[in-house]
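Engineer: Build me a model:
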Amino acid sequence: MIAASKKITGKCPKRLIAMRPPNSWLPAVAGHQMKFIGLMLLAIMGCLSGLASGAGITWPSNQLLPTFSQPTPVIDTIDVSSASGPEYDLFASLEGLVNRTQPRVVCVSTGNGEGEYTWVTLHNLSPNLINGYSALLKYRTNFTGLVVTDPAQPDTLNLATTIAGVKNELICDPSLLPTLTNAPYSLPVVDDLRGQFSNNYQVYNYLYSNYWSRCTHRLMAGLE
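Structural biologist: Residues are numbered from 1 along each chain as shown. Next comes the predicted model:
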């Protein structure tokens with residue numbers, strides 16, 4: 001498991017506790033700082049306890065972090081500088097899922113203090129600018145549908161992050177449903193977390209009971 005959050009007890013974390021499959025790649029490009037760092041971590045590690053290698057990843061037992069496959073030389077680049085918070089989560093989850101077997105998508109932002117294209121340049125990649133919603137259509141075969149968060153319980157974003165990684169779903173705020181469930185996307189809602197929890201303790205109990213055993217426990221990271 002990788003956990004990226006503030007405290008599980010007490011008030012809700014801003015972003016994110018996450019458990020994600022290890023065969024995902026995401027360069028350290030941050031726009032909305034805490035939120036994106038959390039999403040970066042969630043896209044790198046996570047499910048299938050004991051997994052040491054797979055398509056696009058090698059993770060020996062004596063190695064702290066996994067080694068990912070070589071990125072495609074021309075990488076689809078989503079500029080999230082003006083994206084809303086829900087869109088940021090959506091496109092970052094797409095990025096993590098698509099990049100499992102080979103890094104093909106990257107999100108960049110002018111809000112990144114290291115420079116919008118710094119990490120793309122360091123990896124000697126050529127950016128191909130693509131609209132985030134167009135990327136959903138291009139990479140439709142990489143995800144099964146949507147996991148919908150509950151804005152009344154902010155910690156469901158953390159749960160949704162875990163579910164997204166384990167079940168190949170995209171994180172979806174309810175505000176995006178009218179767009180994503182209709183043409184041309186017509187994405188099904190696979191998991192709907194709205195109205196299921198009364199507090200954050202219930203959220204994390206549900207996460208632990210249903211997904212802990214499906215995540216690797218090799219690494220934990222905390223974000224303050």
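Engineer: Where does the prediction get shaky in the protein?
Structural biologist: Residues of the chain meeting the criterion pLDDT under 70: 1-55, 221-224.
Engineer: Spatially central residue in it, please.
Structural biologist: In the chain, the centroid-proximal residue (CA atoms, centre = their mean) is residue 93; its distance is 3.4 Å.
Engineer: Pull the contacting residues for residue 76.
Structural biologist: By CB atoms under 8 Å, 6 or more residues apart in numbering, the residues touching residue 76 are 104-106, 128, 130, 135, 138. In this view, the C-beta of every residue, glycine as well, is placed from N, C-alpha and C.
Engineer: helix, strand or coil for residue 70?
Structural biologist: coil (DSSP: H, G, I helix; E, B strand; the rest coil).
Engineer: doesn't residue 99 make contact with it?
Structural biologist: No - taking CB atoms under 8 Å as the definition, residue 70 is not a contact partner of residue 99, at 11.8 Å.
Engineer: More neighbours: these two, which one.
Structural biologist: Set residue 70 next to residue 99 and count neighbours by other CB atoms under 10 Å: residue 99 wins out with 27 against 10.
Engineer: mind listing what residue 98 touches?
Structural biologist: 104-105, 135, 139, 142.
Engineer: sorry, that was for residue 121
Structural biologist: Applying CB under 8 Å, 6+ apart, we find residue 121 in contact with no residue.
Engineer: could you dump the one helix or strand it maps to to PDB, C-alpha only?
Structural biologist: Secondary-structure element containing residue 121, defined by DSSP states H and E: helix 118-122. What follows is helix 118-122, C-alpha atoms only, in PDB (Å, rounded to 0.1, in the frame of the first residue of the first chain):
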ATOM      1  CA  THR A 118      10.900  20.300 -16.800                       C
ATOM      2  CA  TRP A 119      10.300  16.600 -16.300                       C
ATOM      3  CA  VAL A 120       9.200  15.900 -19.800                       C
ATOM      4  CA  THR A 121      12.400  17.500 -21.000                       C
ATOM      5  CA  LEU A 122      14.600  15.600 -18.500                       C
END
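Engineer: Heading C-terminal from the longest strand that the chain contains, find the next helix or strand.
Structural biologist: Taking DSSP state E as the criterion, the chain has its longest strand at strand 74-79. Per DSSP H and E, the first helix or strand lying C-terminal to strand 74-79 is helix 85-98.
Engineer: hmm, who's touching the following helix or strand past that next one?
Structural biologist: Next helix or strand after helix 85-98 toward the C-terminus (DSSP H and E): strand 105-108. Applying CB under 8 Å, 6+ apart, the external contacts of strand 105-108 come out as 26-27, 29, 31, 36, 75-81, 88, 91-92, 94-95, 98-99, 116-117, 119-120, 125, 127, 135, 139.
Engineer: Go ahead and build a ChimeraX selection from the buried members of the residues you listed.
Structural biologist: Here is the ChimeraX selection string for the buried members of the contacts of strand 105-108, based on 16 or more other CB atoms under 10 Å:
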select :26,27,29,31,36,75,76,77,78,79,80,88,91,92,94,95,98,99,116,117,119,120,125,127,135,139
